[in-house]
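what follows is a protein structure lacking sequence information:
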């Protein structure tokens, strides 16, 4: 059996943890290093005792290039610009890269730089970077050495809207996305705003105008839209309610569109029954439901993912499986936890 | 000090409980009976031990007309049609009525009957019934003997939209309301769908097309809109995110509109800081915030209430205070719990 | 690869669901029927949409003997006495049985009948039934055709106390177990007491005297103890805090005892760091920690499991793996979810 | 009506917030300053928007002595030693003091200094400080100028055990307290360990040996005991399960003891029905229940409080009411929220 070496750069956060969890069960992958500047020298299991069963006394290490370049693939789970900097060096050294920051998601350098308010450290790599939405870009991913892993809100939105846009079933100029995310979406944070006391039994909107995932959605879908995120008192999971002017009154046209694009997929599917978060929690799935409000001429689409899995680390592993020719679902599950 | 006798008809559910809690602290009101067909003979404190401090060994009683007609005011917290039946008899007997069902909310008999799929038991009373949204109909409420207490989602939506509609700051034909409610909104239920295991750490949309509160909102606002409710894993609280085409790019016009309508109100206010649920939980307040997305020509309004208080029992008591000439805020608070 | 056929009798509850989830990933098992009297004819995925990915349109079926007897192994997830009735017939027909009720847990018929207040339907089978606490009875389980799967509270308590009792490190006459369980421990219930509104943000003791798991713990440990269960506002997980008079002041003696019994185990381990629930949620593990309060002469032991997995369905699958000679950890994981 | 001026020193934490909330509804009290070194100059309502309705644009201020000494009463909600330092100066200046730290709770200077590992800044004041457990020390509180407000775990434990100890109904040498607290007990913290993601759906023991409240309980009750705290995934509320060797088999003796001590109290009561947290959340009550396990010779007592109210700020206000001759229950409620 083919075995590869994987490095996780920025492994102490929640997406790093989830990568470690998923890869622990992957028969073709050996995690050779898990870096964390802040936690270097500490055992993985001191921070995440659940990892002890798989990683024993392995420690977080400094992100040393000499070490990292020995890997076959690196996952960079770092803030934007940091991902491109260290990731760029690794690409240059022949390591395949799956970057979980926003650095390699955009086609347009200008749109990236405007959205994030920074200069891109490695604009030379943008043209070869593949947007890692597996179900839509499978072929390019298979051939890529550099994948920009999509954002969490973005994954749920694009998978939900892509068939409707492509089949001209909605008006492109009037799309509203009301997004709700679990708290792990904010990462592992020492911040009163994400403390249990301020978050439990509460609910709020944030970034009501100009959330960064908006431009990522717009570029990939080729439409203009308005996106408003909210913070749910749940740990994992995103549910987006999407409102678009219907170009049809025929619900079966919508069903057919989803069947056309996702009929053969194991991790993405459509059902007329609206999905809830527990359907996908713990899984690598995106589940989509819809209804037409004919009185009002509106399509309402509901899309759910586990933000840490299909919205981050699971999709990253799915991308790796495609890039290295492993069975695409290896170490991933389509079964939600429900409970 | 003026003292009145109040009857609560249908007191064993959550709105009944909350009425009992609020009225326990009301210096002008004596609760003379709390009816429940199902729980008749049981102590209030067996079902709700927290009530013992205020109601001792008082029991739920059968809803006998001879008993109820001695009250000065009756609160009917019953399913639709039941509220109008028993409430109608009480009105005929000279008891003032605050009905928490949908029976006396509509101006249009036809709209009520179509929305709820039933014949109205007392259509003769519709014309004199006053819609009990206190801040908008204060004068009529003061003179009324029959008040239809507004729905919970409806209260949050109308208070948020009324100033914008009246001042022509939004396009009337393109309003989308994404509503999220705590689980008490579904009442006290033996239903697996509302069990802790199915609801905690979960989130879902429901009644994606045709939720009944839609027509109530439309009639009161004189606009057409699309409403989608969702179930939050919180006990109390509603947050609505409202999307409307802006007829202005000037945020200060919006601030002025809210100031004009609610500037002197103790329980309703506007702030440019978007409100969250904990701001109002435990209070009789509706707090409203807004932002303009000028790139997209959209006003986004966020409105929050405690569904059991301003969305039901608190507003009912506020209506009673107005009807009987008590200080409007008696037994109610504007202070949210935060924690 | 060896493949066996499994039947799940009483598959619509939470332990049934969890069995279905675990077995979906088991390479050696085909689930040939999932029975439910109440839900017969309904699709598994209508009740648990998460199962669709694994079971497609499979339906719950009536528990017909002709069908069940074709299985190699049956899991009975039924109320007590029902497990023994149908399970007894299956044993007679040559089907291996793992019963998740209390029917085959006790050595003493009298103690079972007193504890549960019923007559045992198949006392003839008690003597051959093996108590399915895998780590303690592995050899007997391997040879058994009938296993009584332990209770959830019981599993956490026995695994925590067994080494201390066997090594005489605690006083047998003074053991107090303060147990706290997640709500799935009560099963899938339409009951206001387990509704979200009554359970969330709440905590309570129940069955303060005489909870049935007490006698099961006492029989297996050969000691007398007092057990008090509590209901946590979490879905999954049990944490027990156990207080015993210390027969030693030497903590290392305690560490050595756990090392002796569990040093080679993949699913049970001891650490001086006290475990929390998230360490084991989603896994088949029991994690144990302890401290000595020398001032007071007390050992405090903390033991955690996922009540649906090591406390029910996971241990049942572990038992099956042992009975059929599969690798003991097949389809089970030692990695907790943490998030 | 008599009106007094109150200062809150250390007002930005959760007990400070709760004092502000309670005093907002107190007809005899004007809050003249709310200090916070860290938040000085910031509006109360920027940190706690819910306070705007009562405090408008009032800001946190520096704890200047010139300002504070004008108050009639000061509440110090500060870490230990800080409470005694600033509080001591205020006492010297003639301001009555209610200190919410541990500084004035102990009779024994040595026990305080050993427990907290510090030198007491004002040992001269210890002898006149009254332990502010209102129901037990009412007379001394009425005459005091300095009150040490009890700890949260301590309040629930002492109120539960006092009648049993005084009436010799339990063995003094064998008391075990298993305490469970909501997360507000840890204060307003930027700490990953109290973040939503690490705390929700989780449960853990902490300070398994030597929690500081142990010595406070022991000194006040005159017994020796072992206390183990746990962290519940709830915001407010403490439930303690207390195990003691019974000196009686007669449950009515226990009922009589509680009746004797608390029969006339509005905020403390006993019932044979075990209390849960929602019974007291939002109220100033301590509710106690008990059962005898005669097989095992054990009394099990369950005691619940809202840790922020009876366990901190509510009891502080109750103490103030007693000290200034106001009705003892002013601004406090005995009604729990239930929902």
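Okay, I see it. Because the structure is predicted, anything quoted here is derived from the model rather than measured.

every contact and neighbour count from this point should use C-alpha atoms.
OK.

hmm, residue A:153 is touching residue A:212, no?
No - the criterion here is C-alpha atoms under 8 Å, and residue A:153 misses it with residue A:212 at 10.1 Å.

who's more crowded, the two?
A count of neighbours by other C-alpha atoms under 10 Å in any protein chain shown puts residue A:153 above the other of residue A:153 and residue A:212, at 27 against 17.

return the residues in contact with the more buried one.
Contact analysis of residue A:153 by C-alpha atoms under 8 Å, 6 or more residues apart in numbering or on different chains lists A:179, A:213, A:238, A:240, A:307, A:311.

what sits against residue A:312?
Taking C-alpha under 8 Å, 6+ apart, one finds A:15, A:100, A:149, A:150, A:151, A:152 in contact with residue A:312.

make TSV from those and add pLDDT and neighbour count to it.
Output for these, formatted as TSV (pLDDT from 0 to 100; neighbours: other C-alpha atoms under 10 Å in any protein chain shown):
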residue	pLDDT	neighbour count
A:15	98	27
A:100	98	28
A:149	98	32
A:150	98	29
A:151	96	23
A:152	98	23
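
now those in JSON lines, with distance to residue C:194?
Shown next, in JSON lines, are those (distance: C-alpha to C-alpha, whole Å):
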{"residue": "A:15", "distance to residue C:194": "33"}
{"residue": "A:100", "distance to residue C:194": "40"}
{"residue": "A:149", "distance to residue C:194": "41"}
{"residue": "A:150", "distance to residue C:194": "39"}
{"residue": "A:151", "distance to residue C:194": "37"}
{"residue": "A:152", "distance to residue C:194": "33"}
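
near chain C, anything from stretch A:320-339?
Yes - counting by C-alpha under 8 Å from any C-alpha of the partner chain, chain C has neighbours in stretch A:320-339: A:334, A:335, A:336, A:337, A:338, A:339.

hmm, which of the contacts of residue A:153 are the buried ones?
Among these, those scoring as buried are A:179, A:213, A:238, A:240, A:307, A:311 (criterion: 16 or more other C-alpha atoms under 10 Å in any protein chain shown).

distance between stretch A:62-80 and the chain's centre?
Relative to its parent chain, stretch A:62-80 has a centroid offset of 19 Å by C-alpha atoms, centre = their mean, to the nearest Å.

quick one: end-to-end length of it, please.
One end of stretch A:62-80 sits 19 Å from the other (C-alpha to C-alpha, to the nearest Å).

would you list the buried ones among the contacts of residue A:153 in JSON lines and tack on secondary structure?
Below are the buried ones among the contacts of residue A:153 laid out as JSON lines (DSSP: H, G, I helix; E, B strand; the rest coil):
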{"residue": "A:179", "secondary structure": "strand"}
{"residue": "A:213", "secondary structure": "helix"}
{"residue": "A:238", "secondary structure": "strand"}
{"residue": "A:240", "secondary structure": "strand"}
{"residue": "A:307", "secondary structure": "coil"}
{"residue": "A:311", "secondary structure": "helix"}
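
quick one, what contacts the residue of the stretch 51-200 of chain A found nearest chain B?
Nearest residue of the stretch 51-200 of chain A to chain B, counting by C-alpha to the nearest C-alpha: residue A:197, 6.5 Å away. Applying C-alpha under 8 Å, 6+ apart, we find residue A:197 in contact with B:339, D:183, D:184, D:188, D:196, D:235.

next, give me the two most distant ones among these.
The two members of the contacts of residue A:197 with the most space between them (C-alpha to C-alpha) are B:339 and D:196, at 13.8 Å.

domain parsing for chain A?
A:4-128, A:153-307 (automatic domain parsing).

distance from the shortest one to the middle of the chain?
It stands for domain A:4-128. Relative to its chain's centre, domain A:4-128 lies at 14 Å (C-alpha atoms, centre = their mean).

same thing with stretch A:162-181?
Distance of stretch A:162-181 from the chain centroid (C-alpha atoms, centre = their mean) equals 19 Å.

what is the mean pLDDT for that stretch?
For stretch A:162-181, mean pLDDT is 96.

got it, and stretch A:217-226?
Mean per-residue pLDDT for stretch A:217-226: 96.

quick check: buried residues in it?
A:217, A:221, A:224, A:225, A:226.

show me the strands in the stretch 51-200 of chain A, by range?
Taking DSSP state E, counting those that start in this stretch as the test, the strands found in the stretch 51-200 of chain A are A:73-76, A:96-99, A:130-131, A:146-148, A:175-181.

between the ones you listed, which gets nearest to residue D:53?
Comparing those by their distance to residue D:53 (C-alpha to C-alpha), the top pick is strand A:175-181, with 29.1 Å.

and the closest one, which strands flank it?
Using DSSP bridges, strand A:175-181 pairs in its sheet with strand A:225-231 (parallel), strand A:238-245 (antiparallel).

can you state the direction angle for the longest one and strand B:170-181?
Put plainly, it is strand A:238-245. 150 degrees (axes from the mean of the first three to the mean of the last three C-alpha atoms, to 10 degrees).

for chain A, which residues are neighbours of chain C?
Counting by C-alpha under 8 Å from any C-alpha, the residues of chain A near chain C are A:21, A:48-54, A:235-236, A:266, A:279-280, A:334-339.

show me the contacts for the closest residue to chain D within the stretch 201-339 of chain A.
Of all residues in the stretch 201-339 of chain A, residue A:235 sits closest to chain D, at 5.5 Å by C-alpha to the nearest C-alpha. Neighbour list for residue A:235: A:182, A:183, A:184, B:201, C:339, D:196, D:197, D:200 [criterion: C-alpha under 8 Å, 6+ apart].

ramachandran coordinates for the residue lying closest to residue A:54 once chain neighbours are set aside?
Nearest residue to residue A:54 in three dimensions, chain neighbours excluded: residue A:24, at 6.1 Å (C-alpha to C-alpha, 6 or more residues apart in numbering or on different chains). Torsion angles at residue A:24 (phi, psi; degrees, to the nearest 10) stand at phi -60, psi -30.

from chain B, how far out is residue A:24?
For residue A:24, the distance to chain B equals 26 Å [C-alpha to the nearest C-alpha, to the nearest Å].

next, count neighbours for that residue.
18.

can you check the one 5 residues further on too?
Using other C-alpha under 10 Å, residue A:29 has 18 neighbouring residues.

mind listing what the closest residue to it other than its chain neighbours touches?
In this structure, residue A:29 finds its nearest non-sequential neighbour in residue A:4, 5.1 Å apart by C-alpha to C-alpha, 6+ apart. Residue A:4 makes contact with A:28, A:29, A:30, A:71, A:72, A:73, according to C-alpha under 8 Å, 6+ apart.

what parts of chain A come near chain B?
By the rule C-alpha under 8 Å from any C-alpha, the part of chain A lying against chain B is A:178, A:197-198, A:200-206, A:208-209, A:225-226, A:232-236, A:239, A:274-278, A:291-293, A:296, A:300, A:302, A:338-339.

I appreciate the help and will end here.
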